[in-house]
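Novice: here is a sequence together with a model predicted from it:
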Amino acid sequence: MKRTPEIDFSQPHGLKVALCQVATEEWNVSQNVERTLESLILAGEKGAHVAVTPECVFTGYPWIDSCEKQEQLIRVSDEIPSPQIDRVVALAEHYQMAVVLGVSVRSGCRLYNSALYISPAGRLERVYEKVHCRAFEDAAYGKHYSAGEEFFVVDFRHDSIHAKLGIMICFDREVPESARCLRALEAEVILCPLACDTSVMADQYYDYADNEIITRVRAAENEVYFVVVNHAEPRFNGGSFVVGPGGELVQQLGPVADVQVVGLPLEPLRVMHEDPFGQNGWGYRKEALYGRYLSPEGRSSLTHSHDS
């Protein structure tokens with residue numbers, strides 16, 4: 001198999017993505033909002049084109065283990081628009097910087113674990129609702145968040161930079177079809193707010209597939225950049241990271257609050273995408289075939305044909 005082309009990450013070009021690793025506390029909404037805004041200001045001052053926050057950053061992704069806490073989460077979740085979301089929108093416009101903001105959103109009688117895409121013009125353009133919720137947060141299991149039903153890719157354009165950005169949240173990356181769908185929509189960079197502990201990739205040899213190894217595989221099999229941004233201590237252990245289209249670790253932060261801007265060269269990635277076969281098998285896929293096995297209707301038709 002052809003090796004993925006080497007990408008020079010030392011050059012100050014490409015899409016500049018800020019990892020806004022915010023130190024949050026459960027339920028401390030006012031403090032979490034202020035720290036998020038401080039991180040976004042720092043990202044803007046550093047010249048980021050896009051800034052990404054952790055998952056449910058305003059609420060600190062609290063652990064919900066009672067009806068009382070579930071009701072509390074409903075009370076503190078944001079409706080769209082909200083005063084604190086408006087403050088983020090204003091910052092995005094001021095710095096002409098896109099923001100992917102992880103927030104808990106209340107819509108009618110439902111809650112959604114969401115990531116808002118705010119454009120550099122200061123417009124809230126899209127709302128991604130986490131498609132894959134684990135049982136402990138999924139309304140289908142009597143918990144708090146309703147699952148989303150759509151993936152999308154946004155066309156980021158600002159000055160001379162053009163990039164196609166996909167969005168997912170935390171557990172979505174562990175389901176292969178999430179990244180597959182975004183790549184099929186021509187995503188080049190996948191931005192992923194996170195709320196869970198991470199492994200230190202540079203210091204360990206793995207004998208199991210933890211979340212970080214899985215994310216590196218997702219990046220390689222779909223030939224995209226992955227940007228994953230976590231809560232800093234004390235809520236989680238930080239370790240926000242960027243991996244490249246070969247699954248290579250580009251950068252990983254430590255456990256404390258931090259804002260780092262990483263430049264992602266897009267031209268080498270586009271060379272890979274322009275290859276009709278790709279580097280890692282993308283062009284060999286047989287999409288028409290897979291539906292027979294991956295959809296209930298397809299499997300049902302196979303069962304009926306065997307029975308007959």
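Specialist: Looks like it arrived, so ask away.
Novice: CA atoms for contacts and neighbours, from now on please.
Specialist: Noted.
Novice: pLDDT score assigned to residue 91?
Specialist: Listed pLDDT for residue 91 reads 98.
Novice: wait, it touches residue 42, no?
Specialist: No: Residue 91 sits out of contact with residue 42 when judged by C-alpha atoms under 8 Å, with a separation of 10.7 Å.
Novice: the two: which is more packed in?
Specialist: Neighbour tally, residue 91 and residue 42, criterion other C-alpha atoms under 10 Å: the higher count belongs to residue 91, 22 against 19.
Novice: distance check, that one against residue 145.
Specialist: 28 Å (C-alpha to C-alpha, to the nearest Å).
Novice: over to residue 241?
Specialist: Taking C-alpha to C-alpha, one finds residue 241 at 26 Å from residue 145.
Novice: quick one: buried residues of stretch 56-68?
Specialist: Residues of stretch 56-68 classed as buried: 56-62, 64 (neighbour count, 16 or more other C-alpha atoms under 10 Å).
Novice: contact partners for residue 99?
Specialist: Residue 99 makes contact with 50-53, 92, 116-120, according to C-alpha atoms under 8 Å, 6 or more residues apart in numbering.
Novice: rebuild these as JSON lines, extending it with neighbour count, distance to residue 80 and secondary structure.
Specialist: Output for those, formatted as JSON lines (neighbours: other C-alpha atoms under 10 Å; distance: C-alpha to C-alpha, whole Å; DSSP: H, G, I helix; E, B strand; the rest coil):
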{"residue": "50", "neighbour count": "27", "distance to residue 80": "21", "secondary structure": "strand"}
{"residue": "51", "neighbour count": "29", "distance to residue 80": "20", "secondary structure": "strand"}
{"residue": "52", "neighbour count": "29", "distance to residue 80": "19", "secondary structure": "strand"}
{"residue": "53", "neighbour count": "30", "distance to residue 80": "18", "secondary structure": "coil"}
{"residue": "92", "neighbour count": "26", "distance to residue 80": "16", "secondary structure": "helix"}
{"residue": "116", "neighbour count": "21", "distance to residue 80": "10", "secondary structure": "strand"}
{"residue": "117", "neighbour count": "24", "distance to residue 80": "12", "secondary structure": "strand"}
{"residue": "118", "neighbour count": "26", "distance to residue 80": "12", "secondary structure": "strand"}
{"residue": "119", "neighbour count": "25", "distance to residue 80": "16", "secondary structure": "coil"}
{"residue": "120", "neighbour count": "23", "distance to residue 80": "18", "secondary structure": "coil"}
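Novice: quick check, nearest of those to residue 149?
Specialist: residue 116 (15.2 Å; C-alpha to C-alpha).
Novice: these two touch, right, residue 240 and residue 233?
Specialist: No: checked against C-alpha under 8 Å, the pair residue 240 and residue 233 is beyond contact range at 11.7 Å.
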